[in-house]
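**Student:** this is the structure alone, sequence omitted:
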């Protein structure tokens, strides 16, 4: 099962043109600058936006085609809008029950209760929406969307309307919901950080066109795309916990092509973690260093070298199936005589690795 | 009893007329206001102008045209008599029809504003929660427009209560059937029966004031509960 979509939507001078297939599991981020058509695409999937030409097939069911157009209330989507948009005349419980009462089939009350617990809103159920903070309202909105037992969850920048503090507070809730979700989630965002933390798969939109799509770690490190060339370019590496050193509080994270030692609270052996490494925190050495404070030194092959300015170059390095970006000065690249295909060593400070 | 039987009847006819007209106005005005608040039709303003006409038209003009069309030779009156119905002019039904036209803007405009101020978003949310269009209207739009319904009902009722010109033109001032309080007061003043005019006018004043106190009081409690 997968989600096949094709939309052509004209709105004055703006046109959205997209034709792609989205995986049927995990979190797919629709990522791009403001005005690139992200929200329009999400609304089109929900049937809230009419399209000049549109095709949408979810699993075996055609939601939209030449002769078909399922109205929104017949599409099994859960939609979380940018603003929480709770119904002001209903309590929190009334808001959640609204969709629950109208769904035809789907999971039991236990699953909903679990979602309510995960989102930490059980103590708010009897309150009215205006008595809740913005972050609490958005958590209720997520529970309300999931209560309909949707076959796909659509989120339109659910954190954008929140303050920084509330944003930080809600991310762990989102992560725990995504982990227990057995349906695909489409997540619109223009925030790199959010996407890096939450998404598995990425649709990169710019000015209504699909620039790229693929697993997030590939898109973030693709030299043909802009993300790898930004000042805060970073690599995302999926790793699993292979050991934990309690004495020094260090976890060993193994991935294809090597391993990292990372300072962290105790982690369960075998659990999956995502590692973020900023390109500017990665340095290159021709020989593996000894007598250094740097714990993470991995053998890599230079895959590509791109000049960013007269002072800086970006390297794409590979180790096994893993891609790693490094930003170093052009002088160093010159002095070390780095070339595509060279076998070198990448060094990363433990403190520079985020999980 | 200080009020004469005839005055009491006039008062009751007035209350009945205002209640029935308000009910009819809400039934007709709600879908009309909903349509006006949602429709993208480019000539919508024609309908809005027609509804607003009684705001500026002298009541006698409206009453005159209604009398012509409700009369046995008029288009509406003729149709009704052809179908075997009772004549509309000089009847209570005729008064209701006149009042509905006369008070239409006072009901439709607050409702239209209330519906418009809800915006699209709550309805879109309801659609994503599997609610059909009618379901969305009944469970989201109507409850959220509650203050608009209260305003519309009060204005429609009060405006019909104070009706004079239209009623005089098409009602004929028949005691016991189409004589309303405002006209009965006028008759008393014409006949220099100031005492009776005082009692009737005072009753209307008191009643209207109490009505507004109750409604605005209830509305305020509602507003305090949802700042």
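**Tutor:** Right, received. Where do you want to start? Keep in mind that this is a model prediction, so the values were computed, not measured.

**Student:** so which residues on chain A come close to chain B?
**Tutor:** By C-beta under 8 Å from any C-beta of the partner chain, the part of chain A that sits against chain B consists of A:46-48, A:71-75, A:77-79, A:81, A:83, A:85, A:87-89, A:98-99, A:102-104, A:128, A:130, A:144-145, A:148. To be clear about C-beta, it is placed using only N, CA and C from the backbone, and glycine gets the same treatment.

**Student:** in helices, which of these fall?
**Tutor:** A:46, A:98-99, A:102, A:144-145 (DSSP state H).

**Student:** ok, the closest residue to residue A:331 other than its chain neighbours - contacts?
**Tutor:** Computed as C-beta to C-beta, 6 or more residues apart in numbering or on different chains, the closest residue to residue A:331 that is not its neighbour in sequence is residue A:311, at 7.7 Å. By C-beta atoms under 8 Å, 6 or more residues apart in numbering or on different chains, the contact list for residue A:311 reads A:329-331.

**Student:** is the lengthiest helix in chain B anywhere near chain A?
**Tutor:** For chain B, the longest helix by residue count, based on DSSP H, is helix B:5-38. No. Helix B:5-38 is not in contact with chain A by C-beta under 8 Å from any C-beta; minimum separation 14.8 Å.

**Student:** skipping adjacent residues, who's closest to the residue lying farthest from the centre of chain B in space?
**Tutor:** Distance from the C-alpha centroid of chain B, by C-alpha atoms, centre = their mean, peaks at residue B:128 (36.4 Å). Leaving aside its sequence neighbours, residue B:128 sits nearest to residue A:79 (C-beta to C-beta, 6+ apart; 3.8 Å).

**Student:** these two touch, right, the one you found and residue A:144?
**Tutor:** No. At 9.7 Å, residue A:79 and residue A:144 do not qualify as touching, with contact defined as C-beta atoms under 8 Å.

**Student:** A helix includes residue B:72, no?
**Tutor:** No. With DSSP: H, G, I helix; E, B strand; the rest coil as the criterion, residue B:72 is located in coil rather than a helix.

**Student:** so who does it touch?
**Tutor:** The contact partners of residue B:72, by C-beta under 8 Å, 6+ apart, come to B:78, B:81, B:87, B:89.

**Student:** for it, grab phi and psi.
**Tutor:** Here is the backbone geometry of residue B:72 (degrees, to the nearest 10): phi -60, psi -30.

**Student:** from residue B:83, how far off is it?
**Tutor:** Per C-beta to C-beta, to the nearest Å, residue B:72 is found 13 Å from residue B:83.

**Student:** same check, this time on residue B:114
**Tutor:** Between residue B:114 and residue B:83 the computed distance is 37 Å (C-beta to C-beta).

**Student:** looking at these two, which is more packed in?
**Tutor:** Taking neighbours as other C-beta atoms under 10 Å in any protein chain shown, residue B:114 and residue B:83 compare with residue B:114 leading, 22 against 7.

**Student:** look at the more buried one and report its pLDDT.
**Tutor:** Per-residue pLDDT puts residue B:114 at 94.

**Student:** that one and residue B:145 touch, don't they?
**Tutor:** Yes. Assessed by C-beta under 8 Å, residue B:114 is found in contact with residue B:145 at 3.9 Å.

**Student:** quick revisit: what about the contacts of residue A:311, which one has the most neighbours?
**Tutor:** residue A:330 (15 neighbours).

**Student:** for chain A, which spans come out with low pLDDT?
**Tutor:** A:1, A:106-108 (pLDDT under 70).

**Student:** for it, just list every one of the helices.
**Tutor:** Using DSSP H, helices in chain A cover A:38-46, A:92-102, A:109-118, A:134-146, A:164-180, A:192-198, A:216-220, A:330-335.

**Student:** make a markdown table out of these and add distance to residue A:229.
**Tutor:** Formatted as a markdown table, these follow (distance: least, C-beta to C-beta, whole Å):
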| stretch | distance to residue A:229 |
| --- | --- |
| helix A:38-46 | 21 |
| helix A:92-102 | 43 |
| helix A:109-118 | 38 |
| helix A:134-146 | 33 |
| helix A:164-180 | 26 |
| helix A:192-198 | 13 |
| helix A:216-220 | 11 |
| helix A:330-335 | 14 |
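
**Student:** out of these, the one nearest residue A:207 is which?
**Tutor:** helix A:38-46 (11.3 Å; C-beta to C-beta).

**Student:** which pLDDT does the model give the closest residue to residue B:80 other than its chain neighbours?
**Tutor:** Setting aside the residues directly before and after it, residue B:80 is nearest to residue B:88 in space (C-beta to C-beta, 6+ apart), at 5.8 Å. Listed pLDDT for residue B:88 reads 78.

**Student:** wait, doesn't residue B:88 sit right on residue B:78?
**Tutor:** No. Using C-beta under 8 Å, residue B:88 makes no contact with residue B:78, being 10.1 Å away.

**Student:** helix or strand for residue B:210, which one?
**Tutor:** Using DSSP states H and E, residue B:210 sits within helix B:194-225.

**Student:** residues in contact with stretch A:281-288?
**Tutor:** Contacts of stretch A:281-288 (C-beta under 8 Å, 6+ apart): A:235, A:297, A:299, A:315, A:317, A:324-328, A:332, A:336, A:338, A:344-349, A:352.

**Student:** give me that answer again for 7 Å
**Tutor:** The contact list for stretch A:281-288, computed with C-beta atoms under 7 Å, 6 or more residues apart in numbering or on different chains, reads A:297, A:315, A:324-326, A:328, A:336, A:338, A:344-349, A:352.

**Student:** also stretch A:30-41?
**Tutor:** In contact with stretch A:30-41 (C-beta under 7 Å, 6+ apart) are residues A:7, A:9, A:16, A:18, A:42, A:49, A:156, A:186-190, A:195, A:202-208.

**Student:** could you check how far the residue most central in space within chain B is from residue A:160?
**Tutor:** Nearest residue to the geometric centre of chain B (C-alpha atoms, centre = their mean): residue B:156, 3.7 Å. Distance, residue B:156 to residue A:160, by C-beta to C-beta: 43 Å.

**Student:** low pLDDT regions in chain B?
**Tutor:** B:1, B:220-227.

**Student:** near chain A, which residues of it?
**Tutor:** Within chain B, the residues that sit near chain A (C-beta under 7 Å from any C-beta of the partner chain) are B:121-122, B:124-125, B:127-132, B:140, B:143-144, B:226-227.

**Student:** give me the subset of those lying in helices.
**Tutor:** When DSSP H is applied, the residues of chain B next to chain A are split such that B:121-122, B:124-125, B:127-128, B:143-144 fall in helices.

**Student:** check the stretch 151-300 of chain A for the residue nearest chain B and tell me.
**Tutor:** residue A:154 (8.1 Å; C-beta to the nearest C-beta).
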